[in-house]
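# coords please:
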Amino acid sequence: MTLLMGRAMRDVFGQTVTELAGLDPRIVMLDADTASSTKADIFAKAYPDRFLEMGLAEQNMLGVAAGLATTGFVPFVSTFVAFAVVRPLDQIRVLIAQTGLNVKICGGYAGLFTGAAGKTHLIVDDLSIMRAMPGMVTVAPGDDVEAEQVLRWAASYKGPVYVRLVRDATQRLFDETYAFAPGRAVVVRDGGDVTLVSTGTQTPRVVDAADLLAARGIDAHVLHVPTLKPLDVPAIVAAADRTRMVVTVEEGTVIGGLGGAVSETLSEHRPTLVKRIGLQDVYGESASNSELLELYGLSAARVADQVQALLEARTIAGHAAHAIPLP
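Alright, predicted model coming up:
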C-alpha cells in the first residue's frame with residue numbers, strides 16, 4: 001500500500017477550529033504564546049474577539065478555560081504538548097477532569113517530531129497521563145483526515161477531551177470515505193500471521209512496515225486505535241484472536257500508553273503475549289525526525305525487523321518445545 005502525504009495537523013487544527021467557530025459562537029481559543037506554531041493564529045485573525053492570548057502562563061490558561069466552560073463557552077486550548085498536559089496537570093485534574101467541564105485540550109507538537117526543539121519539549125508519556133485520568137477522553141488521530149473529523153467531533157461532545165496532534169505533515173492513512181467514531185478501532189490491513197496495533201501518526205509507518213513484512217512472506221494484521229479512552233475492547237480482542245500474537249507500536253513510552261492499554265485488555269479478556277515497541281522507559285533525545293525514529297525503532301524498517309525477529313524467536317521456541325522428549 002502506497003500512502004500519500006497529507007496536510008500538516010497544525011494546519012488542520014487552525015483551519016478546522018476556525019471553521020467550527022463560524023458555526024458555533026460559543027467556541028473560543030486560548031493560546032500560550034505559540035499561535036504561529038500551532039496555527040491558532042488562523043483563528044486569531046478570523047475571530048480576534050474570541051481569541052485569548054494567555055502568554056507563558058499555562059496553569060492560568062487552563063484555569064481560565066475551565067472558567068469559560070462554566071459560563072457556556074466551548075474553549076479550545078492550544079499549545080505544545082509539554083505545556084498543554086504536563087505543566088498545567090493539576091489544573092487539568094482538579095478544575096477540568098474532576099468537574100467534567102467542556103474543555104478541549106489540543107496538544108500540538110506531540111511525539112518524537114519535536115526533537116529539534118530540544119528534549120525539554122519532547123513529551124513521551126502524555127497518552128499514559130491522559131488516558132489514566134478519570135473522565136478524560138483521549139484521542140490520537142492517525143492522519144490529517146482523521147484529525148479534522150476528531151476536532152469536529154470534539155466540538156460537539158460535551159465534556160473534557162484531549163486531542164494529540166503532531167507538527168509536521170505525515171502520511172495519509174484514510175480517504176474521504178472514512179468516518180471517525182469515538183471509541184472505535186479500525187482495521188487498516190488484514191493479515192493472519194501477527195497483529196500489529198498502533199495509534200496516532202505511528203500507524204501509517206506500521207502500515208509501511210506491514211508491506212515490508214509482506215515482501216518477506218509475513219502477513220501482518222494492522223489495527224489502528226485512535227481513541228485510547230474509551231478503548232475498543234472487542235476490536236482488540238478480535239485482533240488478538242485472529243493471529244494469537246500481538247505487537248503494539250507507539251511513538252511514546254510503552255509504559256501506560258497504548259501498550260499498557262492493550263496489555264490490560266488482553267490479560268483480562270483474552271490472555272495473549274504482547275510485545276511492545278516504543279520508548280523503553282527513557283526520555284527522548286534532541287535530533288531530526290528520521291534519526292529519532294531510527295533510534296527508538298519506530299521507522300517502518302526498524303518495526304519490520306523487530307516483528308520479524310519476534311516471529312522467528314517464537315518459531316524457534318516452538319520447535320524447541322516440540323523437541324523435548326516425553327518422560
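
# next one, pLDDT for Gly191 please.
At Gly191, the pLDDT value in this model is 97.

# these two touch, right, it and Asp211?
No - if you go by C-beta atoms under 8 Å, Gly191 and Asp211 don't touch, sitting 11.0 Å apart. In short, each C-beta sits where N, CA and C put it, glycine included.

# neighbour count: these two, which is higher?
Ranked by neighbour count (other C-beta atoms under 10 Å), Gly191 and Asp211 place Gly191 first, with 19 against 16.

# give the closest residue to the more buried one in space, chain neighbours not counted.
Distances taken as C-beta to C-beta, 6 or more residues apart in numbering put His221 closest to Gly191, at 3.7 Å, once the chain neighbours are dropped.

# contacting residues for the one you found?
If a contact means C-beta atoms under 8 Å, 6 or more residues apart in numbering, then His221 has Val187, Arg189, Asp190, Gly191, Gly192, Asp193, Val194, Thr195, Leu196, Ala239, Arg242, Thr243 as its contacts.

# any idea how far the most centrally placed residue in the chain is from Ser37?
The centroid of the chain falls nearest to Ala140 when counting by C-alpha atoms, centre = their mean (2.8 Å). Remark: distance between Ala140 and Ser37 (C-beta to C-beta, to the nearest Å) = 19 Å.

# and if you look at Val197?
From Val197 to Ser37 the distance is 31 Å (C-beta to C-beta).

# looking at those two, which is more packed in?
Higher neighbour count among Val197 and Ser37: Val197, with 29 against 17, using other C-beta under 10 Å.

# and the one helix or strand that one maps to, which strands flank it?
Here Val197 sits within strand 194-198, counting by DSSP states H and E. Strand pairing for strand 194-198, using DSSP bridges, gives strand 220-224 (parallel), strand 246-253 (parallel).

# format these as CSV; extra columns: distance to Arg172.
Below are the strands paired with strand 194-198 laid out as CSV (distance: least, C-beta to C-beta, whole Å):
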stretch, distance to Arg172
strand 220-224, 13
strand 246-253, 17
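
# just the ones you listed: most buried one?
Across those, averaging neighbours per residue (mean count of other C-beta atoms under 10 Å) puts strand 246-253 on top, at a mean of 27.

# now the element after it, going C-ward?
helix 258-269.

# now for that following helix, which elements pack on it?
With contacts taken as 3 or more C-beta pairs under 8 Å, 6 or more residues apart in numbering; DSSP states H and E, helix 258-269 sits against helix 126-131, strand 194-198, strand 227-229, helix 233-243, strand 246-253, strand 274-279.

# C-alpha coordinates for that helix, PDB please?
Taking Å, rounded to 0.1, in the frame of the first residue of the first chain, the C-alpha atoms of helix 258-269 are listed here in PDB:
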ATOM      1  CA  LEU A 258      -1.200   2.000  24.000                       C
ATOM      2  CA  GLY A 259       1.000  -0.900  25.000                       C
ATOM      3  CA  GLY A 260      -0.300  -0.700  28.600                       C
ATOM      4  CA  ALA A 261      -3.900  -0.400  27.400                       C
ATOM      5  CA  VAL A 262      -3.700  -3.400  25.100                       C
ATOM      6  CA  SER A 263      -1.900  -5.500  27.700                       C
ATOM      7  CA  GLU A 264      -4.500  -4.700  30.300                       C
ATOM      8  CA  THR A 265      -7.300  -5.500  27.900                       C
ATOM      9  CA  LEU A 266      -5.900  -8.800  26.800                       C
ATOM     10  CA  SER A 267      -4.800 -10.000  30.200                       C
ATOM     11  CA  GLU A 268      -8.500  -9.700  31.300                       C
ATOM     12  CA  HIS A 269     -10.400 -10.700  28.200                       C
END
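
# show me which residues of that helix are buried.
Neighbour counts over helix 258-269 (16 or more other C-beta atoms under 10 Å) mark Leu258, Gly259, Gly260, Ala261, Val262, Ser263, Thr265, Leu266 as buried.
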